[in-house]
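S.K.: Have a look at this prediction, sequence included:
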Amino acid sequence: MNKKTTYDPFENLIRDKLDGLESDYGKDWDKISSRLDNTTKNSSKNKNTLLVIISFLIGIGLLTVFLLDNNSENITPSVQEIKKNESIIKTKSKENTNSNTDKKNSGKTLKVIEVKESNDNLNTIYQKFDSTILELADTTSLVSLIDSIPDISSSFSNKEDTMIINQISILTDKTNICYNDSITVFSSGCDSCFILWKINGVEFINEKKIKLLAKENLSIILYEQNRQDSTIDIKDSLHMTLHKAPEIEITYETIDDNGTISTYLTPNIVDEFSSFQYSFTKDGSFSWDFGDGSFGDQSHPRHEYKTNGNYMVYLTYKGLFGCISYANLEVEVTANFDILAPNTFTPNGDGINDVFMPEGVIMSGLPFEMVIFNKYGKTIFSTQNTNNGWSGFDQNTGKKSQPGNYLWLVKLENEDGTYNQYKGSILLVD
Amino acid sequence: MTAERLNIISLIEGCKKNDSKSQHIIYDKFYGKMMGVALRYFKDYDTASDVVQESFIKAFSKINQFEGEENFGGWLKRIVVNHSLDQLRKNKKVSFTSEDELQHQTYDDKSEDLSYYSGINMNQILEAVHELSDSYKTVFNLYVLDGLTHKEIANVLGISEGTSKSNYAKAKKKLKTILSNRFNL
């Protein structure tokens, strides 16, 4: 059985998961010890008598030790302490197995140092965890959330066949965790068992449900403590990788293309989450609110604002694992829109080009005022209604104006209450 | 040398002298883990337990072959794996499809994202493994969990290396399908 290294992540995952598989089902020493006696008795009658003598001597030795030691109570707690330490070292050394096997022959001192180091590491993890990782939400929301979670544990154990019944395992309400998500972990399988959680090194004693706020990867180990000899066994473990949508910001550019004002919006990753390479546009979906009542879902949208103004653009980005990030940006549009005014019109009643009303004013749908001046600067016509354009008449006299050049002024009211003024001249031809 | 390892070495020395107490402690210490090994081969707890019991008897009777430098857990595990294979052969359940059926599928494992699976717990994975046919399950277990090479698997099971590879590839694919169907990934 040679050791081989595989880099297949799926294999590694399965291996990690099933590595902790243990069961005491069918454990029965008496059943095999009787058979062992049969196989060994024949060959070692002499040895047996020797064993009796040895154990007798050991027994006497132990007795004297006990008699000499008046404080026999002290023995029990110290034994427990050692056991606790062992369990900690065990879990830690699991991660270090690769490095340990390389150093098989490197001697005693090195190993002692390693154990010390792993203890130090644990301590730092404890502190880190205390300060940052586990932030329990305020109690009211905590209670309501826990109450609203359907009791998966009961439905789960009912569904499974008999092989699960004696197993205590970890259940969660989420399989993927995003940064700042709240998740709840449950123990299932044994209500009366005395259980112990270790979540990123921090211990929780006898909790059925634990609510966590995801700030880092979560490493969850579930132990059961044997009531009789208070030994601790790993029952299940779960590693949850934290995901996070990248932080993004928006930049924009406004381009005037022959009077059509296009605003180009570009999202950029500011802080890429280091754990994996992110294909920003391929792996996520975009949802834009352009701030003028219209929406879009392109990654790099081009938007035409109808009028000048300041618009707050909101972007919701949903990345891998459904993790979401937001960005917003105020876009300022100050361009001179083309109001598509003609330079000539012929108000002769033939139905063709009889009325002067710039097309852009009609298209904008905005409140406006248009005023026509004669060459002396006198107002001869004004309107605020697109259906009521200038058909060449002087409003003051009611007479048709002479052919020639006239000036026009359009005041367009933007949605934010500001005005844009446009002016030009129009040639009246009979 | 850690206290634990020192302890095991002295216990093994005890076992070599047929000391029942040492045997009992070793049995207690390793039974659960060894059940974990057998349970990957047998869904039925009683069968798995029988295999583990037999393995311990074999281990204690052959403990003199165990070299102190080796990892005792690994040695014991190998006995359990061998016993499991014997048992499977006895049941004559295992038939391996030949390598002709090996299709050269290219798995895009690198781009595959496994965090989808990370929320699945041990028992759920074990269940999925047991949904595989005995032949797939055996090859998968031997290769992934018990660390044998395809050459070794071929040797142990009396099949060709190609058959081992194809069974493994199919087992892996099937397992992924089972897991993703079960958990709607």
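M.R.: Thanks, I have it. Keep in mind it's a predicted model, so treat the numbers as computed, not measured.
S.K.: Give me the nearest residue to A:L428, chain neighbours excluded.
M.R.: Counting by Cβ to Cβ, 6 or more residues apart in numbering or on different chains, the nearest residue to A:L428 once its immediate chain neighbours are dropped is A:P403, at 5.2 Å. The C-beta positions use only the backbone N, C-alpha and C, and glycine is treated the same way.
S.K.: Report the contact partners of that neighbour.
M.R.: Contacts for A:P403 (Cβ atoms under 8 Å, 6 or more residues apart in numbering or on different chains) come out as A:428-430.
S.K.: Can you select the buried ones among those residues for me in ChimeraX?
M.R.: Those of those that count as buried under 16 or more other Cβ atoms under 10 Å in any protein chain shown are selected in ChimeraX with:
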select /A:428
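S.K.: Among the contacts of A:P403, name the ones in strands.
M.R.: Using DSSP state E, the members of these that fall within strands are A:L428.
S.K.: circling back: let me know the distance separating the residue nearest to A:L428 from A:P9.
M.R.: 83 Å (Cβ to Cβ, to the nearest Å).
S.K.: counting contacts, what elements does whichever strand or helix holds A:E203 pack onto?
M.R.: In this structure, A:E203 sits in strand A:202-205 according to DSSP states H and E. Counting contacts by 3 or more Cβ pairs under 8 Å, 6 or more residues apart in numbering or on different chains; DSSP states H and E, strand A:202-205 is packed against strand A:194-199.
S.K.: now could you export just the CA positions of the strand it packs on as PDB?
M.R.: The C-alpha coordinates for strand A:194-199 follow below in PDB (Å, rounded to 0.1, in the frame of the first residue of the first chain):
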ATOM      1  CA  PHE A 194     -23.700  15.000  26.000                       C
ATOM      2  CA  ILE A 195     -22.200  16.900  23.000                       C
ATOM      3  CA  LEU A 196     -19.400  19.300  22.500                       C
ATOM      4  CA  TRP A 197     -18.900  21.600  19.600                       C
ATOM      5  CA  LYS A 198     -15.600  23.000  18.500                       C
ATOM      6  CA  ILE A 199     -16.100  25.800  16.000                       C
END
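S.K.: tell me what it is packed against?
M.R.: With contacts defined as 3+ Cβ pairs under 8 Å, 6+ apart, the secondary structure elements packing on strand A:194-199 are strand A:182-188, strand A:202-205, strand A:209-213, strand A:218-225.
S.K.: Can you say which of the ones you listed is nearest to B:K151?
M.R.: strand A:218-225 (35.5 Å; Cβ to Cβ).
S.K.: does any part of that closest one sit near chain B?
M.R.: No: judged by Cβ under 8 Å from any Cβ of the partner chain, strand A:218-225 makes no contact with chain B; its nearest approach is 9.4 Å.
S.K.: Show me what that strand pairs with in its sheet, parallel or antiparallel.
M.R.: As defined by DSSP bridges, the strand partners of strand A:218-225 come to strand A:194-199 (antiparallel), strand A:232-240 (antiparallel).
S.K.: Would you tell me what the next helix or strand after the longest one is?
M.R.: Proceeding N to C from strand A:232-240, the next assigned helix or strand is strand A:242-243, under DSSP H and E.
S.K.: Sheet partners, orientation included, of that following strand?
M.R.: With DSSP bridges as the test, strand A:242-243 is paired with strand A:177-178 (parallel).
S.K.: Please state the backbone phi and psi of A:Q228?
M.R.: phi -80, psi -50 (degrees, to the nearest 10).
S.K.: and residue 28, what pLDDT?
M.R.: No chain in the question, so chain A it is. Looking at A:D28, its pLDDT stands at 86.
S.K.: Chain B, not that one
M.R.: Confidence for B:D28, expressed as pLDDT, is 88.
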